[in-house]
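Student: How does the following fold in three dimensions:
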Amino acid sequence: MHAMILAAGRGERMRPLTDDRPKPMLCAGGRPLIDWHLTALARAGVTRVVVNVAWQGARLREYLGDGGAWGLEVTISDEGDSALETGGGIRRALPLLGEAPFWVVNGDVWTDFDPAT
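Tutor: Numbers count the residues shown, from 1 in each chain. Model prediction:
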């Protein structure tokens, strides 16, 4: 199973918190939001995750590495300096996701996770 995490947005509504970091790197429960998603996806049986990046993309790349920290294969879909919005980001990532159905997760939303796990 494959998944995509939408992580390219600038985070205007979260400013000034996102002035120096991408939204998915904001912390909740002592961990970056994207960490919660990757942990949950791995537990759900996902093996490959594509993460789209634009704003502060280098920072996300550095944090994610190859995904091995979560037992996943992480691939980056780089949108350059300006995010392509949801549909454009997914469309650009389609060649990286393959033919089978995949999950799409919003990279800056943290809900329903147990911080004890």
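
Student: which ones are touching the closest residue in space to residue 79 that isn't next to it in sequence?
Tutor: Nearest in space to residue 79, with sequence neighbours left out and distances taken as CB to CB, 6 or more residues apart in numbering, is residue 54 at 4.3 Å. C-beta here means a position set from N, CA and C on the backbone, and glycine is covered the same way. Each residue near residue 54 by CB atoms under 8 Å, 6 or more residues apart in numbering is listed here: 8-10, 78-84.

Student: For ChimeraX, write the select line for the buried members of these.
Tutor: Burial among these is assessed by 16 or more other CB atoms under 10 Å; the matching ChimeraX selection reads:
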select :8,9,10,79,83,84
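
Student: got the contacts of residue 54 as JSON lines, with secondary structure columns?
Tutor: As requested, these are exported to JSON lines (DSSP: H, G, I helix; E, B strand; the rest coil):
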{"residue": "8", "secondary structure": "coil"}
{"residue": "9", "secondary structure": "coil"}
{"residue": "10", "secondary structure": "coil"}
{"residue": "78", "secondary structure": "strand"}
{"residue": "79", "secondary structure": "coil"}
{"residue": "80", "secondary structure": "coil"}
{"residue": "81", "secondary structure": "coil"}
{"residue": "82", "secondary structure": "coil"}
{"residue": "83", "secondary structure": "coil"}
{"residue": "84", "secondary structure": "coil"}
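
Student: Same list, the contacts of residue 54, but as TSV with pLDDT please.
Tutor: Putting the contacts of residue 54 into TSV (pLDDT from 0 to 100) gives the following:
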residue	pLDDT
8	86
9	79
10	78
78	84
79	84
80	77
81	78
82	76
83	74
84	75
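
Student: Tell me where this protein has strands.
Tutor: Along the chain, counting by DSSP state E, strands occupy 2-6, 27-28, 31-32, 48-53, 73-78, 102-106.

Student: which of those strands is buried the deepest?
Tutor: Neighbour counts (mean count of other CB atoms under 10 Å) averaged over each of the strands of the chain peak at strand 48-53, with a mean of 25.

Student: So for stretch 15-30, what gets flagged as buried?
Tutor: Neighbour counts over stretch 15-30 (16+ other CB under 10 Å) mark 18, 21-26 as buried.

Student: out of these, who's nearest residue 63?
Tutor: residue 25 (6.6 Å; CB to CB).
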